[in-house]
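Asks: Sequence first, then the predicted structure:
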Amino acid sequence: MAPEESAGTERLLRSFERRFLAARALRSFPWQSLEEKLRNSSDSELLLGILQKTLKHPLCVKHPPAVKYARCFLSELIKKHEGVHPEPLDELYEALAEVLTTPESTQGHRSYLLPSGDSVTLSESTAIVSHGTTGLVTWDAALYLAEWALESPAAFADRTVLELGSGAGLTGLAICKTCRPRAYIFSDCHSRVLEQLRGNVLLNGLSLEPDITANSESPRVTVAHLDWDVVTVPQLSAFHPDIVIAADVLYCPEIILSLVGVLRRLSACRRDQRAPDVYVAFTIRNPDTCRLFTTELGRAGIRWEAVPPHGRQLFPYEEHSEMAILQLML
Ligand SMILES: C[S@@+](CC[C@H](N)C(=O)[O-])C[C@H]1O[C@@H](n2cnc3c(N)ncnc32)[C@H](O)[C@@H]1O
């Protein structure tokens, strides 16, 4: 195979791997490039390679995605193969048979590969809204914020991080695994979200405080019940946060008012005269919602500036969705 062609195949395999492990929508996969490559080859090496990078990937074998997702993916792969080659490929049908005998569940895993070679795996709900909360799945702004954090480890190294509205926990787990914080406090207000969050912390090999067997190299990790509407200044101060982060917490006017309320109280949590640094990441779905946030920040006397977009997309989120991070000066 010519070097250029081989690099193209490598890129295609990587793209399938990253998207499948993160259980991204099937329409986002590079199916057209796959079809072109299948048309130009007579053997099954490429499809077997894709099988190895997806369903037979060690991360997927250990922590599989939702059964329905795996079934739809395999059906699509079989369709693409049979659109070009008349002979069925046994390995694809064997994999499908295995998936068809697995019972369905309302939870599935998503895994993300980190540049360090490590990975983050989350157990998540299969529905984007369930039990009355949006916090049981990972939102794209969490991935965007994690990417920025991985490029800015000094902002977290040896510091205490408080995350508001942690949801499934992706951002914090990526930070704990790569940026060496001293302590990391995941927080949320919803009991199901907190239960899933604790499970995801343990799934990733981190210990929850208090655990006397905890590895002293790892950050001290806590999962806290923290409701922005009721938490007080003394309760916030007790976390001793050096840095506060949040992703995708600006999706409706009520939540914006609650968030600005907690930020206002956080500005009273000073250590050595210094309030914590704050970074809020969000997807720009509706410019009016973003305007409401900056207007409310102005009313609370909180200055802000946009963080410049970071260089490299590491995670497979929607490339066309517009995302931003604001740094707030409390
Ligand atoms: C859209 S989810 C984002 C989850 C995660 N940060 C992400 O980006 O994947 C919003 C999160 O904010 C939490 N939340 C909403 N209102 C809250 C409040 N008043 N106090 C604390 N958490 C809240 C929800 O429970 C949910 O987990």
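Replies: Arrived safely, thanks for sending. Numbers count the residues shown, from 1 in each chain.
Asks: Residue 279 - that's part of a strand, no?
Replies: Yes: counting by DSSP: H, G, I helix; E, B strand; the rest coil, residue 279 is found in a strand.
Asks: Tell me what residue 279 is bridged to.
Replies: With DSSP bridges as the criterion, residue 279 is bridged to residue 245, residue 327.
Asks: Test my guess that it contacts residue 241.
Replies: No: the criterion here is CB atoms under 8 Å, and residue 279 misses it with residue 241 at 12.0 Å. Quick note: C-beta positions are derived from backbone N, CA and C, even for glycine.
Asks: where exactly do the strands run in the stretch 151-300 of the chain?
Replies: 160-164, 183-188, 220-225, 243-247, 277-283 (DSSP state E, counting those that start in this stretch).
Asks: As CSV, could you dump the C-alpha coordinates of the fourth one?
Replies: It stands for strand 243-247. Output of strand 243-247 as CSV, limited to C-alpha atoms (Å, rounded to 0.1, in the frame of the first residue of the first chain):
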residue,chain,number,x,y,z
ILE,A,243,-10.5,27.4,40.8
VAL,A,244,-14.2,26.9,39.9
ILE,A,245,-15.3,25.4,36.6
ALA,A,246,-18.6,24.5,35.0
ALA,A,247,-19.8,23.1,31.6
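Asks: just how off-centre is that strand within its chain?
Replies: 14 Å (CA atoms, centre = their mean, to the nearest Å).
Asks: who in this structure is up against the ligand?
Replies: With the criterion set to CB under 6 Å from any ligand atom, the chain comes near the ligand through 133-135, 138-139, 141-142, 165-168, 188-190, 193, 226-229, 247-249, 255, 258.
Asks: Any quick ChimeraX command for the buried ones out of the residues you listed?
Replies: To isolate the buried members of these in ChimeraX, using 16 or more other CB atoms under 10 Å:
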select :133,134,135,138,139,141,142,165,166,167,168,188,189,190,193,226,228,247,248,249,255,258
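Asks: out of the residues of the chain next to the ligand, which are inside helices?
Replies: 141, 142, 193, 255, 258 (DSSP state H).
Asks: For the stretch 1-150 of the chain, just list every one of the helices.
Replies: For the stretch 1-150 of the chain, helices defined by DSSP state H, counting those that start in this stretch occupy the ranges 3-21, 31-39, 45-53, 58-62, 67-84, 90-100, 140-151.
Asks: Can I get the fifth one in PDB, CA atoms only?
Replies: Coordinates of each C-alpha in helix 67-84 appear next as PDB, following Å, rounded to 0.1, in the frame of the first residue of the first chain:
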ATOM      1  CA  VAL A  67     -26.500  -2.800  23.200                       C
ATOM      2  CA  LYS A  68     -28.800  -0.900  20.800                       C
ATOM      3  CA  TYR A  69     -25.900   1.300  19.700                       C
ATOM      4  CA  ALA A  70     -23.600  -1.700  19.000                       C
ATOM      5  CA  ARG A  71     -26.400  -3.400  17.100                       C
ATOM      6  CA  CYS A  72     -27.100  -0.400  14.800                       C
ATOM      7  CA  PHE A  73     -23.400   0.100  14.200                       C
ATOM      8  CA  LEU A  74     -22.900  -3.500  13.200                       C
ATOM      9  CA  SER A  75     -25.900  -3.400  10.900                       C
ATOM     10  CA  GLU A  76     -24.500  -0.300   9.200                       C
ATOM     11  CA  LEU A  77     -21.100  -2.000   8.800                       C
ATOM     12  CA  ILE A  78     -22.700  -5.100   7.300                       C
ATOM     13  CA  LYS A  79     -24.700  -2.900   4.900                       C
ATOM     14  CA  LYS A  80     -21.600  -1.200   3.700                       C
ATOM     15  CA  HIS A  81     -19.700  -4.400   3.200                       C
ATOM     16  CA  GLU A  82     -22.600  -6.100   1.400                       C
ATOM     17  CA  GLY A  83     -23.100  -3.000  -0.800                       C
ATOM     18  CA  VAL A  84     -19.700  -3.800  -2.300                       C
END
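Asks: List the buried residues of it.
Replies: Those would be 67, 69, 70, 71, 73, 74, 77, 78, 80, 81, 84, for helix 67-84 by 16+ other CB under 10 Å.
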